[in-house]
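Chemist: give me a model of this one.
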Amino acid sequence: MSHLKRGFLTLFVGVYVLASFAKAEDTWPIEKDVGWQEAVLSVSSAAQWQAQLEDIAGWTAIHSGGVDSEQLAAWGLGKGVTAKAIVLQNPGEFQGLVRLVEFVGAEQVQIRSSAQSWDTGGFLSLLLRSRGVDKNFADARRYQWTGYNDPVTLYLGPERRLRNVVLRGPDGINFGIYERVVPGLPDWPNIKKLSRPFNSMQIVKDRDVTLAFYENVLGFVSMSIGNSPAAQADANNFGLPANLVTSIPLRSAIMHPVGGESGRIEFVEWDGLKGRDLSDRAVAPNLGILTLRFPVSDAAARAADIVDRGGHLMTKPTRVAMPPYGDVSLFSVTTPDGIFLEFFEPL
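Modeler: The predicted structure is shown next:
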């Protein structure tokens with residue numbers, strides 16, 4: 001093959017690959033007006049997190065590149081701040097992506113620095129499913145990850161038993177790992193090491209105030225309401241003393257835009273435990289689980305509806321480049337607990 005033909009073929013292949021990638025962005029399958037599509041994690045080293053999550057969770061990177069300046073402005077960051085992002089996907093899944101964002105030129109603190117499970121503010125964890133929690137824990141320990149406790153068995157009734165650990169990784173970021181023991185979970189897809197994130201957890205000051213916000217302002221539906229302490233004194237996934245778990249009510253709620261399995265938000269109020277309030281740290285560029293992103297069919301209409309219901313927009317709908325979805329109209333809403341949620345419409 002001549003040098004000219006070889007050069008032409010290389011150019012053709014390169015153009016084809018770039019065109020295919022652009023097409024993938026334009027046609028990324030997103031179900032709108034349901035649960036959150038991705039979680040955004042502010043991290044000190046995106047490359048380190050990528051390597052560890054590829055090993056521990058079995059996820060793969062589908063995008064790496066700079067963060068749009070319009071996005072940085074929407075987060076209230078000055079022109080001297082830049083950022084790069086890596087997007088991770090559980091292979092075969094199009095929901096539950098994890099976007100690692102590494103900021104450059106910004107002062108940062110951890111949102112939930114040295115936090116206990118009863119300290120309020122920010123996101124405590126992302127929740128994942130597993131078929132072998134003890135193996136996941138051993139894999140994470142190789143990277144010096146810890147937990148609030150070693151893996152424990154949660155007895156939630158005569159016909160329901162879970163194996164669980166809350167992994168504590170770098171940057172104050174936690175993952176709650178759930179293995180369904182009884183009944184099993186044969187139909188949950190693509191659990192190779194860990195599933196895609198399907199839920200998130202916050203520790204809140206007042207469960208009922210937060211519940212009212214999600215119902216009345218965001219229009220979410222309640223999937224579960226809990227008010228009970230543990231049934232028996234035992235080691236537990238949150239690291240509470242065993243002699244307290246039977247007397248401290250766990251006031252909880254699970255919310256979802258339409259009542260689905262994935263893209264949930266869960267929050268907990270410990271009735272009788274008072275810790276630090278870290279809610280003022282839950283902003284960019286601070287380190288931790290930064291926000292969740294919900295895809296919507298009409299960003300302008302959804303933002304207006306939230307305002308009409310008494311909500312406060314941190315950012316009005318703004319055009320932002322957000323691979324792998326292409327350009328989107330993005331806005332954000334602040335909650336009573338000081339975090340912000342983002343909603344986006346693919347354009």
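Chemist: okay, residue 9: pLDDT?
Modeler: Reported pLDDT at residue 9 in the predicted model: 38.
Chemist: quick check: the gap between residue 192 and residue 165.
Modeler: Counting by C-beta to C-beta, to the nearest Å, the separation of residue 192 from residue 165 is 18 Å. The C-beta positions use only the backbone N, C-alpha and C, and glycine is treated the same way.
Chemist: with residue 57 instead?
Modeler: Between residue 57 and residue 165 the distance is 14 Å, computed by C-beta to C-beta.
Chemist: same check on residue 328?
Modeler: Distance from residue 328 to residue 165, by C-beta to C-beta: 35 Å.
Chemist: likewise residue 91?
Modeler: 23 Å.
Chemist: same question, residue 87
Modeler: Computed as C-beta to C-beta, the residue 87 to residue 165 distance reads 26 Å.
Chemist: and the next element down the chain from whatever helix or strand residue 39 lives in?
Modeler: If you go by DSSP states H and E, residue 39 is part of strand 38-42. Later in the chain than strand 38-42, the nearest helix or strand by DSSP H and E is helix 46-56.
Chemist: buried residues in stretch 100-111, which are they?
Modeler: The neighbour-count check on stretch 100-111 (16 or more other C-beta atoms under 10 Å) flags 100, 101, 102, 103, 106, 108, 110, 111 as buried.
Chemist: what mean pLDDT does that stretch have?
Modeler: 97.
Chemist: quick one: terminal-to-terminal distance for that stretch?
Modeler: Distance between the two ends of stretch 100-111: 15 Å, counting by C-alpha to C-alpha, to the nearest Å.
Chemist: the stretch 101-250 of the chain: helices as residue ranges?
Modeler: Listed in chain order, the helices of the stretch 101-250 of the chain (DSSP state H, counting those that start in this stretch) span 133-141, 207-212.
Chemist: center of the protein - which residue?
Modeler: Of all residues in the chain, the one closest to the mean position by C-alpha atoms, centre = their mean is residue 39, 3.3 Å from it.
Chemist: who are the contact partners of the spatially closest residue to residue 247 that is not a sequence neighbour?
Modeler: For residue 247, ignoring the flanking residues on the chain, the nearest one in space by C-beta to C-beta, 6 or more residues apart in numbering is residue 229 at 5.9 Å. Contacts for residue 229 (C-beta atoms under 8 Å, 6 or more residues apart in numbering) come out as 245, 246, 247, 248, 249, 250.
Chemist: inside strands: which ones of the residues you listed?
Modeler: residue 250 (DSSP state E).
Chemist: can you say which of the contacts of residue 229 are buried?
Modeler: Taking 16+ other C-beta under 10 Å as the criterion, what is buried in those is 245, 248, 249, 250.
Chemist: now the last one, which residues is it bridged with?
Modeler: The bridge-partner assignment for residue 250, based on DSSP bridges, gives residue 270.
Chemist: hang on, it packs against residue 226?
Modeler: Yes: Residue 250 is within contact range of residue 226, at 6.0 Å (criterion: C-beta atoms under 8 Å).
Chemist: thinking again about what came up before, is it possible to get TSV of the helices of the stretch 101-250 of the chain that adds mean pLDDT and distance to residue 279?
Modeler: Shown next, in TSV, are those (pLDDT from 0 to 100; distance: least, C-beta to C-beta, whole Å):
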stretch	mean pLDDT	distance to residue 279
helix 133-141	97	27
helix 207-212	97	12
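Chemist: residue 151 is nearest to which of these?
Modeler: helix 133-141 (4.9 Å; C-beta to C-beta).
Chemist: how much does that closest one deviate in direction from helix 46-56?
Modeler: 150 degrees (axes from the mean of the first three to the mean of the last three C-alpha atoms, to 10 degrees).
Chemist: have a look at residue 192 and residue 165 and say which one is more surrounded.
Modeler: Under the neighbour definition other C-beta atoms under 10 Å, residue 192 and residue 165 were set side by side, and residue 165 has more, 25 against 12.
Chemist: that one: what's it in contact with?
Modeler: Here residue 165 is in contact with 133, 136, 137, 147, 149, 150, 151, 152, 176, 177, 237 (C-beta under 8 Å, 6+ apart).
Chemist: what bridges to it?
Modeler: With beta bridges defined as DSSP bridges, residue 165 has these partners: residue 177.
Chemist: burial measure for residue 272, as a count.
Modeler: Each residue near residue 272 was counted by other C-beta under 10 Å, and the total is 12.
Chemist: now do the SS call for it.
Modeler: State at residue 272, reduced to three classes by DSSP: H, G, I helix; E, B strand; the rest coil: coil.
Chemist: pLDDT below threshold where in this protein?
Modeler: 1-26, 230-233 (pLDDT under 70).
Chemist: nearest residue to residue 287 in space, please, no chain neighbours.
Modeler: Nearest to residue 287 is residue 171, by C-beta to C-beta, 6+ apart, at 4.1 Å.
Chemist: which residues touch the one you found?
Modeler: Contact analysis of residue 171 by C-beta under 8 Å, 6+ apart lists 41, 42, 43, 44, 110, 287, 288.
Chemist: find the nearest non-adjacent residue to residue 274, please.
Modeler: Once flanking residues are discounted, residue 274 sits nearest to residue 118: 7.5 Å by C-beta to C-beta, 6+ apart.
Chemist: one more: residue 261?
Modeler: Excluding its sequence neighbours, the residue lying closest to residue 261 (C-beta to C-beta, 6+ apart) is residue 198, at 6.6 Å.
Chemist: nothing else from me, thank you.
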